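Q: my questions concern the predicted model and sequence given below.
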Amino acid sequence: MIEKLSAIVGAENVLTGNDISRWHEDWMGQYFSEPIAVVRPASTKEVSEIVKLGNATKTPIVPVSGNTGLAGGASGKGHIMVSMERMNKIHEVRKASRVAIVDAGVVISDIHAAADAEGLVFPLTFGARGTALIGGSMSTNAGGSNVVRYGNTRDLILGLEVVLPTGEIADLMSELRKDNSGYNLKHLIVGAEGTLGLITKAVLKLSPKPLAYATAMVAAPSIADSLALLNRLQDATGGAVEAFEYMPRAYVEHHMKVDSNAREPFDAPYDVNIMVEVGTTIASEAEPDASGQIPFVTKFEEILAGLFESGAVLDAVVAQNEGQRKAMWERREAAGVIINHPLLINHDIAVPLEKVATFLDAMAVRLQTIDPGAQEMIVAHLGDGNVHYAVWGKSQDPDVRDAVTEAVEDETLKLGGSFSAEHGIGVSKLRSMKRRKDPVAIAAMKAIKAALDPNNIMNPGKVLPD
(Lines give C-alpha, C1' and ligand atoms only; values in the text may rest on other atoms or scores of the structure.)
Protein backbone atom coordinates (compact mmCIF):
# COMPACT_ATOMS: atom_id res chain seq x y z
CA MET A 1 0.00 0.00 0.00
CA ILE A 2 2.82 2.41 0.90
CA GLU A 3 4.55 1.71 -2.41
CA LYS A 4 1.37 2.27 -4.39
CA LEU A 5 0.62 5.53 -2.59
CA SER A 6 4.20 6.67 -3.12
CA ALA A 7 3.84 6.03 -6.84
CA ILE A 8 0.87 8.42 -6.88
CA VAL A 9 2.14 11.36 -4.80
CA GLY A 10 5.87 10.69 -4.32
CA ALA A 11 7.47 8.95 -1.36
CA GLU A 12 8.11 12.24 0.43
CA ASN A 13 4.36 12.85 0.62
CA VAL A 14 3.47 9.50 2.15
CA LEU A 15 4.11 9.94 5.86
CA THR A 16 4.36 7.16 8.43
CA GLY A 17 5.83 6.57 11.88
CA ASN A 18 6.91 9.66 13.81
CA ASP A 19 6.15 11.85 10.81
CA ILE A 20 2.41 11.53 11.42
CA SER A 21 2.47 12.45 15.13
CA ARG A 22 0.61 15.72 14.58
CA TRP A 23 -2.33 13.81 13.09
CA HIS A 24 -2.60 11.21 15.86
CA GLU A 25 -5.10 13.24 17.85
CA ASP A 26 -7.39 16.21 17.43
CA TRP A 27 -6.65 19.55 19.05
CA MET A 28 -8.87 18.69 22.05
CA GLY A 29 -6.98 15.45 22.65
CA GLN A 30 -10.25 13.46 22.71
CA TYR A 31 -10.27 11.69 19.34
CA PHE A 32 -7.41 9.62 17.95
CA SER A 33 -6.18 8.31 14.61
CA GLU A 34 -3.93 5.38 13.69
CA PRO A 35 -3.71 5.60 9.89
CA ILE A 36 -1.67 3.36 7.63
CA ALA A 37 -0.19 6.59 6.30
CA VAL A 38 -0.93 10.28 5.89
CA VAL A 39 -0.93 11.10 2.19
CA ARG A 40 -0.55 14.65 0.89
CA PRO A 41 -1.77 14.99 -2.70
CA ALA A 42 -1.07 18.10 -4.76
CA SER A 43 -3.82 17.78 -7.37
CA THR A 44 -7.33 16.51 -7.91
CA LYS A 45 -5.94 13.78 -10.16
CA GLU A 46 -3.75 12.51 -7.33
CA VAL A 47 -6.73 12.55 -4.96
CA SER A 48 -8.69 10.57 -7.54
CA GLU A 49 -5.96 7.92 -7.81
CA ILE A 50 -5.73 7.62 -4.01
CA VAL A 51 -9.48 7.11 -3.72
CA LYS A 52 -9.48 4.58 -6.57
CA LEU A 53 -6.80 2.63 -4.73
CA GLY A 54 -8.81 2.75 -1.50
CA ASN A 55 -11.96 1.62 -3.29
CA ALA A 56 -10.21 -1.24 -5.10
CA THR A 57 -8.64 -2.54 -1.88
CA LYS A 58 -11.61 -1.58 0.33
CA THR A 59 -9.31 0.54 2.47
CA PRO A 60 -11.03 3.40 4.33
CA ILE A 61 -10.25 6.98 3.25
CA VAL A 62 -10.39 9.65 5.93
CA PRO A 63 -9.89 13.27 4.81
CA VAL A 64 -8.29 15.75 7.21
CA SER A 65 -8.07 19.52 6.94
CA GLY A 66 -6.89 21.72 9.80
CA ASN A 67 -7.73 19.03 12.39
CA THR A 68 -9.66 21.61 14.41
CA GLY A 69 -13.00 19.79 14.45
CA LEU A 70 -14.96 19.13 17.63
CA ALA A 71 -16.81 15.93 16.76
CA GLY A 72 -14.07 13.42 15.93
CA GLY A 73 -14.72 13.53 12.21
CA ALA A 74 -11.09 12.76 11.29
CA SER A 75 -10.54 9.91 13.74
CA GLY A 76 -10.12 6.24 12.86
CA LYS A 77 -7.77 3.28 12.56
CA GLY A 78 -6.24 1.39 9.64
CA HIS A 79 -7.17 4.00 7.07
CA ILE A 80 -5.49 6.19 4.48
CA MET A 81 -5.61 9.71 5.87
CA VAL A 82 -5.68 12.29 3.08
CA SER A 83 -4.34 15.68 4.12
CA MET A 84 -5.32 18.56 1.84
CA GLU A 85 -2.59 20.92 3.05
CA ARG A 86 -0.63 20.92 -0.24
CA MET A 87 -3.72 21.79 -2.28
CA ASN A 88 -3.65 25.36 -1.02
CA LYS A 89 -3.89 27.62 -4.05
CA ILE A 90 -6.23 30.58 -4.43
CA HIS A 91 -6.75 30.40 -8.18
CA GLU A 92 -8.78 33.58 -8.68
CA VAL A 93 -10.54 36.38 -6.87
CA ARG A 94 -12.86 38.11 -9.30
CA LYS A 95 -14.05 41.44 -8.00
CA ALA A 96 -16.68 42.08 -10.67
CA SER A 97 -18.57 38.84 -10.09
CA ARG A 98 -17.60 38.63 -6.40
CA VAL A 99 -16.35 35.07 -6.44
CA ALA A 100 -13.17 33.28 -5.42
CA ILE A 101 -11.98 29.96 -6.83
CA VAL A 102 -9.88 28.08 -4.30
CA ASP A 103 -8.43 24.66 -3.53
CA ALA A 104 -9.85 22.80 -0.56
CA GLY A 105 -6.60 23.16 1.39
CA VAL A 106 -6.61 26.95 1.62
CA VAL A 107 -6.59 28.35 5.16
CA ILE A 108 -9.69 30.43 5.93
CA SER A 109 -7.66 33.48 7.01
CA ASP A 110 -5.79 33.42 3.69
CA ILE A 111 -9.12 33.66 1.87
CA HIS A 112 -10.01 36.58 4.10
CA ALA A 113 -6.81 38.37 3.14
CA ALA A 114 -7.26 37.72 -0.58
CA ALA A 115 -10.84 39.01 -0.53
CA ASP A 116 -9.86 42.03 1.55
CA ALA A 117 -7.24 43.03 -1.02
CA GLU A 118 -10.09 43.42 -3.53
CA GLY A 119 -12.35 45.36 -1.16
CA LEU A 120 -14.49 42.27 -0.57
CA VAL A 121 -15.13 39.90 2.31
CA PHE A 122 -15.47 36.16 2.70
CA PRO A 123 -17.63 36.29 5.81
CA LEU A 124 -17.07 32.82 7.27
CA THR A 125 -15.23 33.46 10.54
CA PHE A 126 -14.56 31.59 13.78
CA GLY A 127 -11.76 31.24 16.30
CA ALA A 128 -9.80 28.59 14.36
CA ARG A 129 -9.77 30.56 11.07
CA GLY A 130 -5.97 30.78 11.15
CA THR A 131 -5.58 26.99 10.91
CA ALA A 132 -8.91 25.65 9.62
CA LEU A 133 -9.08 24.85 5.90
CA ILE A 134 -12.00 25.66 3.64
CA GLY A 135 -12.42 21.99 2.69
CA GLY A 136 -13.07 20.99 6.28
CA SER A 137 -15.41 23.93 6.75
CA MET A 138 -17.43 22.81 3.73
CA SER A 139 -17.45 19.20 4.91
CA THR A 140 -18.95 20.19 8.26
CA ASN A 141 -21.02 23.13 6.98
CA ALA A 142 -19.30 25.32 9.56
CA GLY A 143 -21.13 28.29 11.04
CA GLY A 144 -19.28 30.89 13.08
CA SER A 145 -20.05 34.37 14.27
CA ASN A 146 -21.43 36.01 11.11
CA VAL A 147 -24.20 33.54 10.31
CA VAL A 148 -26.86 36.03 11.39
CA ARG A 149 -26.08 38.13 8.30
CA TYR A 150 -24.40 35.84 5.78
CA GLY A 151 -25.50 32.28 6.61
CA ASN A 152 -23.56 29.04 7.14
CA THR A 153 -20.80 27.76 4.86
CA ARG A 154 -23.42 26.13 2.61
CA ASP A 155 -24.81 29.59 1.83
CA LEU A 156 -21.35 30.80 0.76
CA ILE A 157 -20.61 28.04 -1.77
CA LEU A 158 -21.62 28.45 -5.40
CA GLY A 159 -19.89 25.37 -6.74
CA LEU A 160 -17.40 22.66 -5.90
CA GLU A 161 -15.32 19.84 -7.27
CA VAL A 162 -15.51 16.51 -5.49
CA VAL A 163 -13.85 13.13 -5.87
CA LEU A 164 -16.54 10.49 -5.39
CA PRO A 165 -15.92 7.15 -3.58
CA THR A 166 -15.24 5.47 -6.92
CA GLY A 167 -12.45 7.94 -7.66
CA GLU A 168 -14.50 9.67 -10.34
CA ILE A 169 -14.27 13.46 -10.37
CA ALA A 170 -17.59 15.32 -10.28
CA ASP A 171 -17.27 18.83 -11.72
CA LEU A 172 -19.88 20.92 -9.90
CA MET A 173 -17.85 24.14 -10.21
CA SER A 174 -20.81 26.32 -11.07
CA GLU A 175 -20.61 30.09 -10.60
CA LEU A 176 -24.36 30.44 -11.01
CA ARG A 177 -26.72 31.93 -8.46
CA LYS A 178 -29.56 29.99 -10.08
CA ASP A 179 -29.38 26.43 -11.39
CA ASN A 180 -32.34 24.04 -11.28
CA SER A 181 -30.83 21.31 -13.45
CA GLY A 182 -31.68 18.30 -11.32
CA TYR A 183 -30.70 17.34 -7.79
CA ASN A 184 -28.48 19.82 -5.99
CA LEU A 185 -25.47 17.56 -5.46
CA LYS A 186 -23.43 20.45 -4.08
CA HIS A 187 -25.73 20.72 -1.07
CA LEU A 188 -25.55 16.95 -0.60
CA ILE A 189 -21.75 17.01 -0.39
CA VAL A 190 -21.49 20.12 1.80
CA GLY A 191 -22.06 18.97 5.38
CA ALA A 192 -21.58 15.27 4.59
CA GLU A 193 -18.30 15.23 6.57
CA GLY A 194 -16.38 13.41 3.87
CA THR A 195 -18.70 10.39 3.87
CA LEU A 196 -19.87 10.90 0.27
CA GLY A 197 -16.69 12.19 -1.34
CA LEU A 198 -13.62 14.34 -0.92
CA ILE A 199 -13.95 18.03 -1.82
CA THR A 200 -10.96 19.33 -3.78
CA LYS A 201 -11.97 22.78 -5.03
CA ALA A 202 -14.73 25.36 -4.60
CA VAL A 203 -16.29 28.52 -5.96
CA LEU A 204 -16.90 30.85 -3.03
CA LYS A 205 -19.39 33.68 -2.88
CA LEU A 206 -17.87 36.97 -1.70
CA SER A 207 -19.67 40.03 -0.36
CA PRO A 208 -18.92 43.75 -0.35
CA LYS A 209 -16.67 44.69 2.52
CA PRO A 210 -18.35 46.95 5.09
CA LEU A 211 -16.88 50.44 4.97
CA ALA A 212 -17.48 50.96 8.68
CA TYR A 213 -18.27 48.80 11.68
CA ALA A 214 -19.96 49.65 14.94
CA THR A 215 -19.06 47.18 17.68
CA ALA A 216 -20.13 47.13 21.31
CA MET A 217 -20.47 45.12 24.47
CA VAL A 218 -24.02 45.43 25.73
CA ALA A 219 -25.47 44.30 29.06
CA ALA A 220 -29.14 43.31 28.99
CA PRO A 221 -31.58 42.47 31.80
CA SER A 222 -32.34 39.09 30.25
CA ILE A 223 -31.90 37.02 27.12
CA ALA A 224 -35.47 37.92 26.13
CA ASP A 225 -34.48 41.61 26.24
CA SER A 226 -31.47 40.74 24.09
CA LEU A 227 -33.78 39.46 21.36
CA ALA A 228 -35.64 42.78 21.43
CA LEU A 229 -32.27 44.52 21.06
CA LEU A 230 -31.39 42.34 18.07
CA ASN A 231 -34.69 43.09 16.33
CA ARG A 232 -34.39 46.82 17.04
CA LEU A 233 -30.89 46.91 15.53
CA GLN A 234 -31.95 44.86 12.51
CA ASP A 235 -34.88 47.18 11.83
CA ALA A 236 -32.81 50.34 12.26
CA THR A 237 -29.88 49.20 10.11
CA GLY A 238 -31.68 47.32 7.36
CA GLY A 239 -30.46 43.91 8.55
CA ALA A 240 -26.83 44.97 8.99
CA VAL A 241 -26.17 43.02 12.21
CA GLU A 242 -23.12 40.86 11.55
CA ALA A 243 -22.61 39.29 14.96
CA PHE A 244 -24.74 38.94 18.09
CA GLU A 245 -22.84 36.86 20.62
CA TYR A 246 -23.93 35.93 24.14
CA MET A 247 -21.47 35.49 27.00
CA PRO A 248 -22.86 34.90 30.51
CA ARG A 249 -21.10 36.00 33.66
CA ALA A 250 -19.53 32.59 34.32
CA TYR A 251 -17.82 32.63 30.92
CA VAL A 252 -16.49 36.18 31.41
CA GLU A 253 -15.04 35.24 34.79
CA HIS A 254 -13.42 32.07 33.49
CA HIS A 255 -11.92 33.92 30.53
CA MET A 256 -10.29 36.43 32.86
CA LYS A 257 -9.04 33.60 35.07
CA VAL A 258 -7.20 31.83 32.27
CA ASP A 259 -6.09 34.94 30.32
CA SER A 260 -4.13 37.55 32.27
CA ASN A 261 -4.74 40.10 29.51
CA ALA A 262 -8.53 39.76 29.64
CA ARG A 263 -10.54 42.59 31.17
CA GLU A 264 -14.07 43.14 32.45
CA PRO A 265 -16.40 44.26 29.64
CA PHE A 266 -18.04 46.86 31.94
CA ASP A 267 -17.32 48.73 35.17
CA ALA A 268 -19.90 46.56 36.92
CA PRO A 269 -20.56 42.82 36.49
CA TYR A 270 -23.65 41.72 34.58
CA ASP A 271 -25.23 38.33 33.95
CA VAL A 272 -26.15 38.83 30.28
CA ASN A 273 -23.29 40.17 28.17
CA ILE A 274 -23.75 40.59 24.42
CA MET A 275 -21.12 41.43 21.83
CA VAL A 276 -22.86 43.03 18.88
CA GLU A 277 -21.39 44.23 15.60
CA VAL A 278 -23.11 45.94 12.68
CA GLY A 279 -21.53 46.93 9.39
CA THR A 280 -22.46 49.31 6.59
CA THR A 281 -21.48 49.36 2.93
CA ILE A 282 -23.05 52.79 2.35
CA ALA A 283 -20.33 55.38 1.78
CA SER A 284 -22.27 58.32 3.20
CA GLU A 285 -22.75 56.46 6.49
CA ALA A 286 -19.07 55.55 6.74
CA GLU A 287 -17.45 58.93 5.97
CA PRO A 288 -16.60 61.08 9.01
CA ASP A 289 -18.71 64.23 9.36
CA ALA A 290 -17.43 67.73 10.19
CA SER A 291 -16.94 66.74 13.83
CA GLY A 292 -14.95 63.65 12.87
CA GLN A 293 -17.71 61.27 13.90
CA ILE A 294 -18.80 58.40 11.68
CA PRO A 295 -22.59 58.74 11.10
CA PHE A 296 -23.15 54.98 11.19
CA VAL A 297 -21.49 54.67 14.60
CA THR A 298 -23.34 57.73 15.88
CA LYS A 299 -26.64 56.19 14.81
CA PHE A 300 -25.68 52.95 16.55
CA GLU A 301 -24.90 54.83 19.76
CA GLU A 302 -28.23 56.66 19.56
CA ILE A 303 -30.09 53.36 19.27
CA LEU A 304 -28.31 51.99 22.32
CA ALA A 305 -28.98 55.20 24.25
CA GLY A 306 -32.69 54.91 23.54
CA LEU A 307 -32.72 51.30 24.67
CA PHE A 308 -30.83 52.29 27.82
CA GLU A 309 -33.45 54.92 28.64
CA SER A 310 -36.24 52.38 28.18
CA GLY A 311 -34.49 49.85 30.42
CA ALA A 312 -33.93 47.31 27.64
CA VAL A 313 -30.16 47.85 27.99
CA LEU A 314 -28.38 48.10 31.36
CA ASP A 315 -25.00 49.23 30.07
CA ALA A 316 -23.06 49.54 26.83
CA VAL A 317 -19.48 50.14 25.76
CA VAL A 318 -18.96 51.06 22.11
CA ALA A 319 -15.52 50.41 20.58
CA GLN A 320 -13.87 53.73 19.72
CA ASN A 321 -10.97 52.27 17.76
CA GLU A 322 -9.79 49.06 16.15
CA GLY A 323 -7.89 48.00 19.26
CA GLN A 324 -11.04 48.07 21.38
CA ARG A 325 -12.99 46.26 18.68
CA LYS A 326 -10.30 43.57 18.52
CA ALA A 327 -10.43 43.10 22.30
CA MET A 328 -14.18 42.53 22.15
CA TRP A 329 -13.76 39.90 19.44
CA GLU A 330 -10.91 38.23 21.33
CA ARG A 331 -13.16 37.81 24.36
CA ARG A 332 -15.71 35.90 22.28
CA GLU A 333 -13.23 33.95 20.17
CA ALA A 334 -11.47 32.65 23.27
CA ALA A 335 -14.43 30.26 23.73
CA GLY A 336 -12.11 27.28 23.35
CA VAL A 337 -11.22 27.79 27.02
CA ILE A 338 -14.53 26.26 28.08
CA ILE A 339 -13.70 22.82 26.68
CA ASN A 340 -10.51 22.43 28.71
CA HIS A 341 -12.08 20.41 31.51
CA PRO A 342 -11.50 16.75 32.41
CA LEU A 343 -15.24 16.01 32.76
CA LEU A 344 -16.47 18.06 29.83
CA ILE A 345 -19.83 17.16 28.29
CA ASN A 346 -20.02 19.26 25.15
CA HIS A 347 -23.16 20.18 23.21
CA ASP A 348 -23.79 22.28 20.12
CA ILE A 349 -27.54 22.84 19.83
CA ALA A 350 -29.88 25.19 18.00
CA VAL A 351 -33.37 26.32 18.95
CA PRO A 352 -35.68 29.04 17.59
CA LEU A 353 -34.47 32.48 18.65
CA GLU A 354 -37.31 33.20 21.06
CA LYS A 355 -36.77 29.85 22.81
CA VAL A 356 -33.10 30.17 23.80
CA ALA A 357 -34.02 31.45 27.26
CA THR A 358 -36.60 28.67 27.67
CA PHE A 359 -33.96 26.05 26.89
CA LEU A 360 -31.39 27.52 29.28
CA ASP A 361 -33.92 27.91 32.12
CA ALA A 362 -35.08 24.30 31.75
CA MET A 363 -31.55 22.90 31.61
CA ALA A 364 -30.40 24.88 34.64
CA VAL A 365 -32.98 22.94 36.68
CA ARG A 366 -32.56 19.51 35.03
CA LEU A 367 -28.77 19.54 35.19
CA GLN A 368 -28.71 19.77 38.98
CA THR A 369 -31.18 16.92 39.38
CA ILE A 370 -28.99 14.67 37.20
CA ASP A 371 -25.49 15.71 38.26
CA PRO A 372 -25.59 17.89 41.40
CA GLY A 373 -22.78 20.44 41.45
CA ALA A 374 -22.15 20.29 37.71
CA GLN A 375 -21.48 23.70 36.16
CA GLU A 376 -22.85 25.14 32.95
CA MET A 377 -20.34 26.96 30.76
CA ILE A 378 -22.13 28.64 27.88
CA VAL A 379 -21.49 30.86 24.90
CA ALA A 380 -24.00 31.36 22.12
CA HIS A 381 -24.42 32.73 18.63
CA LEU A 382 -27.57 34.34 19.95
CA GLY A 383 -28.44 35.94 16.63
CA ASP A 384 -29.09 32.53 15.04
CA GLY A 385 -30.18 30.50 18.08
CA ASN A 386 -27.01 28.38 18.31
CA VAL A 387 -26.03 27.60 21.91
CA HIS A 388 -22.70 26.01 22.80
CA TYR A 389 -23.87 24.34 25.97
CA ALA A 390 -20.87 22.86 27.73
CA VAL A 391 -21.18 21.12 31.06
CA TRP A 392 -18.35 20.69 33.51
CA GLY A 393 -19.60 17.53 35.13
CA LYS A 394 -19.09 16.29 38.68
CA SER A 395 -19.86 12.62 38.19
CA GLN A 396 -17.55 10.29 36.26
CA ASP A 397 -20.34 7.73 35.86
CA PRO A 398 -20.91 7.22 32.11
CA ASP A 399 -24.64 6.72 32.71
CA VAL A 400 -24.89 10.07 34.48
CA ARG A 401 -22.97 11.81 31.72
CA ASP A 402 -25.18 10.23 29.09
CA ALA A 403 -28.27 11.28 31.06
CA VAL A 404 -27.06 14.89 30.85
CA THR A 405 -26.84 14.62 27.07
CA GLU A 406 -30.27 12.99 26.87
CA ALA A 407 -31.70 15.87 28.93
CA VAL A 408 -30.14 18.37 26.53
CA GLU A 409 -31.66 16.46 23.62
CA ASP A 410 -35.06 16.34 25.34
CA GLU A 411 -35.22 20.06 25.94
CA THR A 412 -33.83 20.91 22.52
CA LEU A 413 -36.24 18.76 20.52
CA LYS A 414 -39.16 19.77 22.73
CA LEU A 415 -38.59 23.32 21.45
CA GLY A 416 -38.27 22.29 17.80
CA GLY A 417 -34.48 22.49 17.83
CA SER A 418 -31.53 20.42 16.64
CA PHE A 419 -28.92 18.56 18.69
CA SER A 420 -26.27 19.55 16.13
CA ALA A 421 -25.97 23.13 14.93
CA GLU A 422 -22.55 23.72 13.39
CA HIS A 423 -19.95 21.22 14.59
CA GLY A 424 -21.25 18.21 12.67
CA ILE A 425 -21.96 14.66 13.84
CA GLY A 426 -18.60 12.91 13.43
CA VAL A 427 -18.48 10.16 16.03
CA SER A 428 -19.40 12.26 19.06
CA LYS A 429 -23.10 12.51 18.17
CA LEU A 430 -23.75 9.09 16.68
CA ARG A 431 -25.77 8.07 19.74
CA SER A 432 -27.80 11.25 19.47
CA MET A 433 -28.46 10.51 15.81
CA LYS A 434 -29.64 7.01 16.67
CA ARG A 435 -31.88 8.22 19.49
CA ARG A 436 -33.28 11.40 18.01
CA LYS A 437 -33.07 11.62 14.23
CA ASP A 438 -36.17 10.66 12.31
CA PRO A 439 -35.63 6.98 11.34
CA VAL A 440 -37.07 7.58 7.88
CA ALA A 441 -34.51 10.35 7.35
CA ILE A 442 -31.68 8.08 8.55
CA ALA A 443 -32.83 5.35 6.18
CA ALA A 444 -32.79 7.80 3.28
CA MET A 445 -29.29 8.93 4.22
CA LYS A 446 -28.09 5.33 4.40
CA ALA A 447 -29.57 4.63 0.98
CA ILE A 448 -27.67 7.60 -0.48
CA LYS A 449 -24.46 6.47 1.21
CA ALA A 450 -24.86 2.90 -0.08
CA ALA A 451 -25.56 4.09 -3.62
CA LEU A 452 -22.53 6.38 -3.83
CA ASP A 453 -20.16 4.39 -1.63
CA PRO A 454 -21.13 0.69 -1.75
CA ASN A 455 -17.76 -0.36 -0.28
CA ASN A 456 -18.17 2.11 2.59
CA ILE A 457 -14.65 3.50 2.25
CA MET A 458 -15.31 7.24 2.65
CA ASN A 459 -14.87 8.24 6.31
CA PRO A 460 -16.73 5.16 7.58
CA GLY A 461 -18.28 5.18 11.04
CA LYS A 462 -19.11 8.90 10.91
CA VAL A 463 -22.46 10.71 10.72
CA LEU A 464 -24.65 7.59 10.27
CA PRO A 465 -25.30 5.35 13.27
CA ASP A 466 -25.04 1.57 12.86
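A: Received, thanks. Numbering: from 1, shown residues only.
Q: Gly54 in helix, strand or coil?
A: At Gly54 the chain is in helix, as set by DSSP: H, G, I helix; E, B strand; the rest coil.
Q: distance of it relative to Asn67?
A: Look at Gly54 and Asn67: by C-beta to C-beta, to the nearest Å, they are 20 Å apart. For the C-beta atoms, the positions are set from N, CA and C on the backbone; glycine is no exception.
Q: equivalent analysis for Ala319, please.
A: 33 Å.
Q: comparing those two, which residue is more hemmed in?
A: Using other C-beta atoms under 10 Å, the more surrounded residue of Ala319 and Asn67 is Asn67, with 23 against 20.
Q: what secondary structure does that one sit in?
A: Reducing the assignment to helix, strand or coil with three-state DSSP, the entry for Asn67 is coil.
Q: tell me the contacts of it?
A: Counting by C-beta atoms under 8 Å, 6 or more residues apart in numbering, Asn67 touches Arg22, Trp23, Asp26, Trp27, Ala74, Thr131.
Q: go with 6 Å
A: Contacts for Asn67 (C-beta atoms under 6 Å, 6 or more residues apart in numbering) come out as Asp26.
Q: one more: Glu92?
A: Ile101.
Q: ok now the helix or strand where it lies, how far from the chain's centre?
A: Here Glu92 is covered by strand 90-94, with elements defined by DSSP states H and E. How far strand 90-94 lies from its chain's middle: 23 Å, per C-alpha atoms, centre = their mean, to the nearest Å.
Q: what lines up beside that strand in the sheet?
A: Within its sheet, strand 90-94 is paired with strand 99-103 (antiparallel), according to DSSP bridges.
Q: now the element after the partner strand, going C-ward?
A: Stepping forward along the backbone from strand 99-103, the first helix or strand reached (DSSP H and E) is helix 108-116.
Q: ok, residues contacting the helix or strand following that following helix?
A: Once the chain leaves helix 108-116, the next helix or strand it forms, by DSSP H and E, is strand 120-121. The set of residues external to strand 120-121 that reach it, using C-beta under 6 Å, 6+ apart, is Ala115, Leu206, Ser207, Lys209.
Q: sheet partners, orientation included, of strand 120-121?
A: Sheet neighbours of strand 120-121, with direction, are listed as strand 207-208 (antiparallel) (DSSP bridges).
Q: any idea of the mean pLDDT in the partner strand?
A: Across strand 207-208, pLDDT averages out at 96.
Q: what packs against whichever helix or strand comes after it?
A: Towards the C-terminus, the helix or strand next in line after strand 207-208, according to DSSP H and E, is strand 212-220. If contacts are counted by 3 or more C-beta pairs under 6 Å, 6 or more residues apart in numbering; DSSP states H and E, strand 212-220 sits against strand 272-280, helix 295-310, strand 315-318, helix 322-333.
Q: most tightly packed of the ones you listed?
A: Comparing the helices and strands packed on strand 212-220 on average neighbours per residue, with mean count of other C-beta atoms under 10 Å, the densest one is strand 272-280 at a mean of 24.
Q: so for that strand, what's the average pLDDT?
A: If you average the pLDDT over strand 272-280, you get 97.
Q: what packs against it?
A: Judged by 3+ C-beta pairs under 6 Å, 6+ apart, the packing partners of strand 272-280 are strand 212-220, strand 241-248.
Q: report all helices and strands that the strand or helix carrying Ile442 contacts.
A: Assigned by DSSP H and E, Ile442 belongs to helix 439-452. For helix 439-452, the packing partners by 3+ C-beta pairs under 6 Å, 6+ apart come out as none at all, with no helix or strand in contact.
Q: tally of neighbours for Thr358?
A: 16.
Q: distance check, the closest residue to it other than its chain neighbours against Ala421.
A: Closest residue to Thr358 in three dimensions, ignoring its sequence neighbours and counting by C-beta to C-beta, 6 or more residues apart in numbering: Leu415, at 6.2 Å. In this structure, Leu415 and Ala421 are 13 Å apart, going by C-beta to C-beta.
Q: now do the strands in the stretch 51-200 of the chain.
A: Applying DSSP state E, counting those that start in this stretch to the stretch 51-200 of the chain gives strands spanning 61-64, 76-77, 80-83, 90-94, 99-103, 120-121, 157-163, 169-172, 198-205.
Q: now the closest residue to Ser418 other than its chain neighbours, what are its backbone angles?
A: With C-beta to C-beta, 6+ apart as the criterion, Ser418 has its nearest non-adjacent residue at 4.8 Å, and that residue is Ala350. According to degrees, to the nearest 10, the main-chain angles of Ala350 amount to phi -140, psi 140.
Q: so Lys52 touches Thr166, yeah?
A: No: no contact is recorded between Lys52 and Thr166 when judged using C-beta atoms under 6 Å, the distance being 7.3 Å.
Q: please report the distance of the residue located most distally from the centre of the chain from Ala283.
A: Among residues of the chain, the one most distant from the C-alpha centroid is Ala290; the distance is 41.4 Å, by C-alpha atoms, centre = their mean. Ala290 sits 16 Å away from Ala283, going by C-beta to C-beta.
Q: list the buried residues of the helix or strand encompassing Glu46.
A: Here Glu46, judged by DSSP H and E, is contained in helix 44-57. When neighbours are counted by 16 or more other C-beta atoms under 10 Å, the buried residues of helix 44-57 are found to be Thr44, Glu46, Val47, Ser48, Glu49, Ile50, Val51, Lys52, Leu53, Gly54, Asn55.
Q: orientation of the helix or strand harbouring Asn231 relative to strand 212-220 in degrees?
A: Of the helices and strands defined by DSSP H and E, Asn231 is found in helix 223-237. With axes from the mean of the first three to the mean of the last three C-alpha atoms, to 10 degrees defining the directions, helix 223-237 sits at 160 degrees from strand 212-220.
Q: got the buried residues for helix 223-237?
A: The neighbour-count check on helix 223-237 (16+ other C-beta under 10 Å) flags Ile223, Asp225, Ser226, Leu227, Leu229, Leu230, Arg232, Leu233, Gln234, Ala236, Thr237 as buried.
Q: what does stretch 440-458 give?
A: Under 16+ other C-beta under 10 Å, the buried positions of stretch 440-458 are Met445, Lys449, Leu452, Asp453, Asn455, Ile457, Met458.
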